[in-house]
Each structure stands twice: as C-alpha cells, then as structure tokens.
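*Asks:* Next comes the sequence, and after it the predicted model I'd like to discuss.
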Amino acid sequence: VWFLLAFIGLVVALTAFDLGLLHKEDREMGISESLKLSAFYITIALAFGVWVWIEKGADLGMKYYTGFFIEKALSIDNVFVISLIFGYFAIPRRYQYRALVWGIIGVILLRGIMIAAGAALVQQYSWVLYIFGAFLIATGIKMLVVPEGEQDISKNPVVRFMRKHMRVTDELHGQKFFVRQMDATTGKNLAFATPLFLALAVINIADLIFALDSVPAIFAITTDTFIVYTANIMAILGLRALYFALAAMVHRFHYLKYALALVLVFIGGKIFWNQMVGKLDPAISLGVTALIIAGGIFVSLWKTRGQQPESC
C-alpha cells in the first residue's frame with residue numbers, strides 16, 4: 001500500500017509542478033523545450049523502475065521496463081490523433097498544453113478503472129488472457145495489412161452528440177472549459193461549454209479506444225496490477241511533454257507503425273507461449289521489444305531524412 005501511495009504522490013507532485021509552476025501562463029511550447037521536458041519525465045520513469053527493481057526484485061523490474069517501453073511506443077500513435085483533434089477545434093498551441101494536462105488527469109483515472117477491471121477478469125477467468133493474445137495478434141496483423149485512412153473528426157459520434165445536446169460557444173475563451181453568457185434563444189445567462197472542453201472530451205474518448213490495445217499488451221507482460229498501472233501512467237505522463245516535438249515530426253515515424261504491429265503480434269504470441277510451453281524469460285521479452293521498436297524508429301528516420309517538420 002505504501003508503495004502505491006508513494007507512486008500516487010509522485011504523480012500528483014509531477015502534475016502540480018508541471019501545471020502550477022512550469023506553465024502558470026498560457027504559452028506555446030517549442031520543440032527544444034518539449035524534448036528537454038520529455039527527457040526529464042523519461043528519466044523519472046527509468047529511476048522509478050530502478051526503485052521497483054530494488055524493492056520488488058529483478059523479475060518485476062524487467063517487466064516494468066518492458067511495459068513502459070511498449071506503452072511509450074504505442075502512445076506515439078495517440079499524438080497524430082490528438083493533433084487532428086486540436087486542429088479540428090482550432091485550438092492554438094498556447095492552450096494545448098493545459099488541455100493535455102487535464103486530459104492526462106482523466107486518463108489516469110480511466111486507465112485505473114480499465115486495469116482494475118482487466119485484473120479482476122484475469123484473476124477470475126485466466127482464459128481471458130487467450131482472448132487478449134488473440135486480439136493483440138489480430139490487431140497487429142490488421143496494422144500490417146490494412147492501409148491507414150483519413151480521419152474526419154467532425155463525424156465522430158461524441159462530437160455530434162455533444163454539439164447536439166450541449167450549449168457550445170463558437171469561439172474560445174482562453175483556457176476556460178466553461179463560461180457563462182447570454183443565450184440568444186432564452187435571453188438567460190447560462191453555462192456554455194467551449195471548443196476547448198469538446199477537444200478535451202474527444203481526446204479522452206480517443207485514449208479509451210487506444211487503451212483497448214495497450215492494456216491487453218501490458219497484461220501479456222505481467223498480471224501484477226501495480227506494475228501494469230505504474231508502467232501505463234509513467235508512459236502517459238511524459239506524453240504531454242513529448243507531444244509538441246512529435247506533432248511536428250510525426251510524418252517521420254511512418255514505419256514505426258509496422259514495428260508496433262510486430263510488437264503486438266510478438267506480445268500476443270507470448271501469451272500463448274507462456275500458457276502452453278512455459279514462461280518466457282522477461283529479459284528476452286524486453287530485448288525483442290526494444291529491438292523491434294528501435295528498428296522501426298531507425299528505419300523511419302532514415303527513410304524520411306531531409307524532410308521538413310510540419311507545423312501543427
């Protein structure tokens with residue numbers, strides 16, 4: 001319990017430091033600052049892994065690092081979707097960071113619920129792991145063979161529902177998610193949601209969809225809920241810092257999609273191997289995962305060298 005409380009305290013402290021001290025004022029974050037802050041978060045995550053290794057043993061320490069690297073790599077896919085969402089709602093870069101911070105807070109709560117539910121299922125019905133494995137393999141194969149299509153945020157059912165059932169302002173009101181203003185129909189002073197709140201809501205829904213891949217993937221590594229949750233959250237915490245650099249360079253990571261697909265197939269196959277043959281050495285799992293992801297990043301950067309960054 002104290003270990004979990006220490007982790008929660010660390011997350012709260014980092015979020016307060018980030019939102020309350022680093023970004024008291026709304027401003028645009030540059031790529032250089034984004035990379036430096038991301039390096040800080042990755043260092044914290046790796047240092048936390050050392051603590052897990054010392055306190056809980058090498059086996060769980062290895063599983064933490066494997067889960068962290070998988071979640072970090074899978075979260076890169078989130079960046080493109082988040083960039084589309086901000087673009088659709090015309091959210092300036094100076095407001096995007098705070099929206100991401102509040103989005104991360106929502107993600108921490110939602111991931112906790114999903115992981116708790118997944119852990120309960122696995123504990124009660126161990127055969128659920130086979131479903132996770134088959135799902136990961138199918139998802140990986142689909143990523144390999146099915147081309148990506150253009151995503152139209154305006155057709156998102158959440159956006160349509162909220163536009164239909166909520167009063168929404170036509171313009172932003174700084175960093176505010178809700179404002180009170182005169183309603184033209186009733187003549188009353190009523191609460192209105194802003195486009196920034198709609199963007200925040202859609203980002204959280206998008207993360208739930210991405211979690212359908214990432215949560216089963218880490219359960220394939222370990223069913224220890226503490227390791228599953230901490231690896232998930234540590235990977236996500238640094239995503240908001242890394243977003244501004246990746247959003248400008250996301251076109252250079254085209255081949256990473258295929259590496260992630262292979263990782264999902266490998267992790268899915270690992271479930272069947274563990275259940276039918278014997279437990280795979282965590283060091284092998286970590287090594288193969290890191291090698292595939294590093295290969296995807298290297299090939300992507302090599303194939304797209306010389307291309308200019310895109311503005312988001």
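*Replies:* Sure, I can see it.
*Asks:* where does the stretch 201-312 of the chain dip in pLDDT?
*Replies:* Applying pLDDT under 70 to the stretch 201-312 of the chain flags residues 248-251, 306-312.
*Asks:* can we see that at 80?
*Replies:* For the stretch 201-312 of the chain, residues meeting the criterion pLDDT under 80 lie at 206-215, 218, 220, 238-257, 275, 278-283, 285-286, 304-312.
*Asks:* what about the helices in it?
*Replies:* Per DSSP state H, counting those that start in this stretch, the stretch 201-312 of the chain carries helices over the ranges 225-237, 239-249, 256-276, 282-303.
*Asks:* Mind telling me what element residue 191 is part of?
*Replies:* strand 189-193 (DSSP states H and E).
*Asks:* Stretch 240-257: which residues count as buried?
*Replies:* Within stretch 240-257, the residues that count as buried by 16 or more other CB atoms under 10 Å are 240-250, 252-253, 255-257. Glycine gets a C-beta too; all of them are placed from N, C-alpha and C.
*Asks:* picking that back up, give the other helices and strands that the strand holding residue 191 contacts.
*Replies:* Applying 3 or more CB pairs under 8 Å, 6 or more residues apart in numbering; DSSP states H and E, one finds that strand 189-193 makes contact with strand 178-182.
*Asks:* contacts for the strand it packs on?
*Replies:* Residues from elsewhere that reach strand 178-182, judged by CB atoms under 8 Å, 6 or more residues apart in numbering: 169, 173, 188, 189, 190, 191, 192, 193, 194, 197.
*Asks:* Name every strand pairing with it and say which way it goes.
*Replies:* Here strand 178-182 is paired, per DSSP bridges, with strand 189-193 (antiparallel).
*Asks:* Only alpha carbons, please: show the strand it pairs with as CSV.
*Replies:* Extracted in CSV, the C-alpha atoms of strand 189-193 (Å, rounded to 0.1, in the frame of the first residue of the first chain):
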residue,chain,number,x,y,z
ASN,A,189,-27.3,33.9,-18.6
LEU,A,190,-26.4,30.2,-19.0
ALA,A,191,-23.4,28.0,-18.8
PHE,A,192,-21.8,27.1,-22.2
ALA,A,193,-19.0,24.7,-23.0
